[in-house]
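> here's my sequence, what's the structure:
(one chain, ligands or ions: 1)
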Amino acid sequence: MKKRFIFLGPPGAGKGTQAVEFCKKEELLYLSTGDLLRKEVEAGTSLGKEISLIMNRGELVSDSLVLSIVENCLSGESKGWVLDGFPRNLSQAKALEKLLTNINQKIEAVVQIDVGDDFLIERLLSRGRQDDNEEVIRHRLDVYKAQTAPLIEFYRGQEILKTIEGNGEIDLVASRIRKVLF
Ligand code: AP5
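Below you'll find the model as predicted:
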């Protein structure tokens, strides 16, 4: 079995924290669309400036831009991967399916990291990234509920959804993830 997973959850659920360590251990490609977009912002290109405005409002960047990033990274990837922050809505999920069919790959499982809103806000406020102020965090949570949460049912319907409790020590959450995947 190839290890190809999606880590899904609201802002602050710990997708990045868990996926980075998981990928190190399993020697998989870690792909965070948020990190790749932030790199473009740091590069100070005109595209980066546009992206920065959208991210700082807590809105989603256009599907076509994000898809082109993902396509470049996944094509030819043979060891396996974890996607963090992608797909983010149904249209991205459907586009991912198409892309994977074309390159003869398949998602093995989607790990949904479940954490209550109060914990999320507290975690993100103490991290303090540029888009981590209370107003923007609340908006990101609303965007998550409206656009990303429908993916839970989408992947449940495909019988590849694994839900874990994301509250607790980081190592404990990591062990919950391994338990549902292996
Ligand atoms: P993105 O970078 O994906 O951010 P996000 O989804 O808002 O997620 P976060 O990074 O905030 O949370 P996380 O779940 O990864 O948690 P983390 O491990 O960092 O997206 C940012 C923006 O980019 C979007 O708003 C959008 O504009 C754009 N974007 C990205 N992808 C896109 C896409 N596909 N389409 C369109 N637009 C896109 O942890 C958070 C904090 O909690 C850390 O400080 C961490 O140390 C702490 N923490 C982690 N685990 C625990 C734990 N168990 N206990 C206590 N603290 C913990």
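
> which SS state does residue 6 fall under?
strand (DSSP: H, G, I helix; E, B strand; the rest coil).

> flag every buried residue along stretch 174-182.
174, 176, 177 (16 or more other Cβ atoms under 10 Å). Every residue, glycine included, has its C-beta placed from N, CA and C.

> run the chain-centre distance for the helix or strand where the last one lies.
I take that to be residue 177. Taking DSSP states H and E as the definition, one finds residue 177 inside helix 170-181. Averaging C-alpha positions (Cα atoms, centre = their mean, to the nearest Å) puts helix 170-181 17 Å from its chain's average.

> let me know the closest of the buried residues of stretch 174-182 to the ligand.
residue 174 (8.8 Å; Cβ to the nearest ligand atom).

> poorly predicted segments of this protein, please.
Regions of the chain meeting the criterion pLDDT under 70 are absent.

> near the ligand, which residues of it show up?
With Cβ under 6 Å from any ligand atom as the criterion, the chain meets the ligand at residues 9, 11-17, 33-34, 37, 54-55, 58-61, 66, 85-86, 88, 92, 123-124, 127, 140, 168, 170, 173.

> got a list of contacts for stretch 7-16?
18-19, 32, 34-35, 82-85, 110-115, 117, 119-121, 123-124, 127, 137, 140-141, 144-145, 148, 151-152, 155, 166, 170, 173 (Cβ atoms under 8 Å, 6 or more residues apart in numbering).

> out of those residues, which end up buried?
By neighbour count, with 16+ other Cβ under 10 Å, the contacts of stretch 7-16 hold 18-19, 32, 34, 82-85, 110-113, 115, 120-121, 123-124, 137, 140-141, 144, 148, 151-152, 155, 166, 173 as buried.

> so which of these are in strands?
32, 82, 83, 84, 110, 111, 112, 113 (DSSP state E).

> tell me the two of those that are most distant?
Within those, 32 and 112 form the most distant pair, 16.9 Å apart (Cβ to Cβ).

> can you tell me how far the closest residue to the ligand within the chain is from residue 11?
Nearest to the ligand, among the residues of the chain, is residue 34, at 1.8 Å (Cβ to the nearest ligand atom). Per Cβ to Cβ, to the nearest Å, residue 34 is found 9 Å from residue 11.

> can you report how many residues neighbour residue 55?
20 (other Cβ atoms under 10 Å).

> wait, it touches residue 40, no?
No: Residue 55 is beyond contact range of residue 40, at 10.1 Å (criterion: Cβ atoms under 8 Å).

> other residues contacting the helix or strand harbouring residue 37?
Take DSSP H and E as the rule and residue 37 turns out to sit in helix 33-42. For helix 33-42, contacts defined as Cβ under 8 Å, 6+ apart pick out 16, 47-49, 51-52, 55, 61, 66, 69-70, 73, 83-86, 88.
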